[in-house]
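Novice: Kindly return the folded structure for what I paste below:
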Amino acid sequence: MTSDLPMLDRGAGVALWRQIGAVIEAAIKAGQHAPGERLPTEAELSARFRVNRHTIRRAMEELEGRGMVRIEQGRGSFVAEDVLDYPLGPRTRFSEIIRSQNREPAGRLLRLAEIPADARIAELLEIRSGRHVVLAERIAMADGRPVALGSHHFPAQRFPRILALLREDPSITRALAESGVPDYRRRITRITARMPTAEEAEVLQQSRSRPVIVAEAVNIDADGKPVDATLTRYAAGRAQLVVES
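Specialist: Below is the predicted model of the structure:
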């Protein structure tokens, strides 16, 4: 965005934040900022437009709500990129999906623990409530940006080695193969949307005013027995779910 910005019309009856948003949107559409590029800070924009930072923040939040920019907590505002298509089929593998769209997949294990299953997880895994499950919580990224936060639950009694296997190698596919499940497929996925918790927004590097897509899924082995109950939260501004028949 150039320093030669148009003057705001303070007597036009149009809110200043709306005028500022229109200027920033026009600059993006004119190609002055590439997709993914970081925009000037609130302080810089406040000085250029001669308004307070609250006015700038309101303009940026409105642009984010319309999908023009994305706001990452602690990092700033960025021009929104093309939304990633994430197909949900019988065999959904994150790395394969990301690479098929010419992006670089990555992931990081955030938490690994053995915990009692709550009623919902027990129902999905077809075990008794309170039975121990291995929880693997992971952040999945494309080109270095968080796309999804997944909480995987494996029945601990059936897979007594999976906790140790995941500590050595975070690949769920390889851990299940080592545990006697060479292949698995998705039996069902339930999709909803809600506003993120503070923790989810921080991990996904997005505003709490932007929703997350929530997918509850069950993966089964060749005999139809559940091997994994997963709750995944997708950053709605970076991914759209595509349901395959």
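Novice: Output stretch 114-123 in CSV, but only the C-alpha positions, please.
Specialist: C-alpha atoms of stretch 114-123 as CSV (Å, rounded to 0.1, in the frame of the first residue of the first chain):
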residue,chain,number,x,y,z
GLU,A,114,-3.5,-41.6,28.0
ILE,A,115,-6.8,-40.3,29.3
PRO,A,116,-10.2,-41.7,30.3
ALA,A,117,-12.7,-41.6,27.4
ASP,A,118,-15.7,-39.3,27.9
ALA,A,119,-19.1,-40.5,27.0
ARG,A,120,-19.0,-39.2,23.4
ILE,A,121,-15.6,-40.6,22.5
ALA,A,122,-16.5,-43.9,24.1
GLU,A,123,-19.7,-44.1,22.0
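Novice: same question for that stretch, mean pLDDT?
Specialist: For stretch 114-123, mean pLDDT is 98.
Novice: Not counting residues beside it along the chain, what's closest to residue 9?
Specialist: Of all residues not flanking residue 9 in the chain, residue 19 sits nearest, at 6.8 Å (Cβ to Cβ, 6 or more residues apart in numbering). For glycine as for every other residue, the C-beta is placed from the backbone atoms N, C-alpha and C.
Novice: Can you spell out the domain ranges of this protein, please?
Specialist: For the chain, automatic domain parsing gives the domain ranges 16-79, 84-243.
Novice: Quick one: end-to-end distance for the shortest one.
Specialist: Spelled out, it's domain 16-79. End-to-end distance for domain 16-79, by Cα to Cα, to the nearest Å: 21 Å.
Novice: Stretch 119-133 now?
Specialist: First-to-last residue span, stretch 119-133, Cα to Cα: 12 Å.
Novice: so where's the chain uncertain?
Specialist: Low-confidence segments of the chain (pLDDT under 70): 1-6, 244-245.
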